[in-house]
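Q: Provided below are the primary sequence and the corresponding predicted coordinates.
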Amino acid sequence: MTTVEDRPLPAPEAELEYAAALERDAVQLRRIVDLLQRVDVDDPLLLDVAEELDALSEHLENPVETVTETIRNPGWRHDPVSGVENAIAPPIILESQPDGSVTAGVEFGLPYQGPNSFVHGGISAMVMDHVLSAATTPKDGPIFTAQLTVRYHRPLPLFVPLTVVARLKEREGRKIWATGEIVVDGKIAVSAEGLFIQPRPKAAR
Ligand SMILES: CCCCCCCCCCCCCC(=O)SCCNC(=O)CCNC(=O)[C@H](O)C(C)(C)COP(=O)(O)OP(=O)(O)OC[C@H]1O[C@@H](n2cnc3c(N)ncnc32)[C@H](O)[C@@H]1OP(=O)(O)O
């Protein structure tokens, strides 16, 4: 089987072009997921779409990286919340603010629906986990969520611009607490508090 190592490395310009193409692929896949939520279930077009998607998957199957290779090459461009190359990410683009907080703007569509016309609560929790952890992430290594408490104050509507904010609250050795909110129309809809822990160095485990 061909592995990533066996393949010749692309020239740097080509690599940039491929990364841009992967981002475009993710955009189109998100669009397909969204459109599939809207199409009538009795539309015969769905048969053609299934054929075309089958063919596309077959086309991709051959050169695709194996799971272990993917695990060895993590990166924020792939993560399920802000990963621009990951079609299941909304994606939420984070911005670090001068005061150390992290902010993000996002608008959710139908693929993220929970109760009728509102965002699924698990999606809100995932966003909070991600943005809180971004507000705590030290420069020198990974950090893990140890606890996450989410409070749902009011339903989060679909198709409305939302603002997400998170900030570091307290640090004690390897333990870091952060808080944050998802705000809609100036009102807090979801708030969260999390404890994040920098894992012990491997040698100390
Ligand atoms: C603009 C910015 C862009 C950047 C984007 C980046 C976004 C990134 C987004 C990515 C987001 C992805 C986010 C994700 O998805 S992270 C994935 C989800 N989380 C996990 O999988 C974590 C699983 N758990 C573990 O790995 C370990 O248990 C951890 C590492 C958490 C601790 O194991 P470790 O062996 O290190 O711990 P220790 O035993 O030495 O204890 C140390 C201290 O901690 C205290 N303690 C331990 N556990 C808990 C607990 N549960 N509650 C309360 N306290 C706890 C403990 O009492 C002790 O306190 P003290 O006695 O010292 O006072």
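A: Nice, I can see it.
Q: Mind listing what's buried along the lengthiest helix in the chain?
A: Ranked by residue count, the top helix of the chain under DSSP state H comes out as helix 12-38. For helix 12-38, burial by neighbour count (16 or more other Cβ atoms under 10 Å) applies to 26, 30. Every residue, glycine included, has its C-beta placed from N, CA and C.
Q: packing partners for it?
A: Contacts of helix 12-38 with other secondary structure elements, assessed using 3 or more Cβ pairs under 8 Å, 6 or more residues apart in numbering; DSSP states H and E, are absent: no helix or strand is involved.
Q: next one: that helix to chain centre, how far?
A: When C-alpha coordinates are averaged (Cα atoms, centre = their mean, to the nearest Å), helix 12-38 and its chain have centres 14 Å apart.
Q: Run through who's touching the helix or strand just after it.
A: On the C-terminal side of helix 12-38, the nearest following helix or strand under DSSP states H and E is helix 45-61. For helix 45-61, the surrounding residues in contact (Cβ atoms under 8 Å, 6 or more residues apart in numbering) are 32, 36, 39.
Q: Present those residues as CSV; the columns should include pLDDT.
A: CSV is the format used below for the contacts of helix 45-61 (pLDDT from 0 to 100):
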residue, pLDDT
Ile32, 96
Leu36, 94
Val39, 92
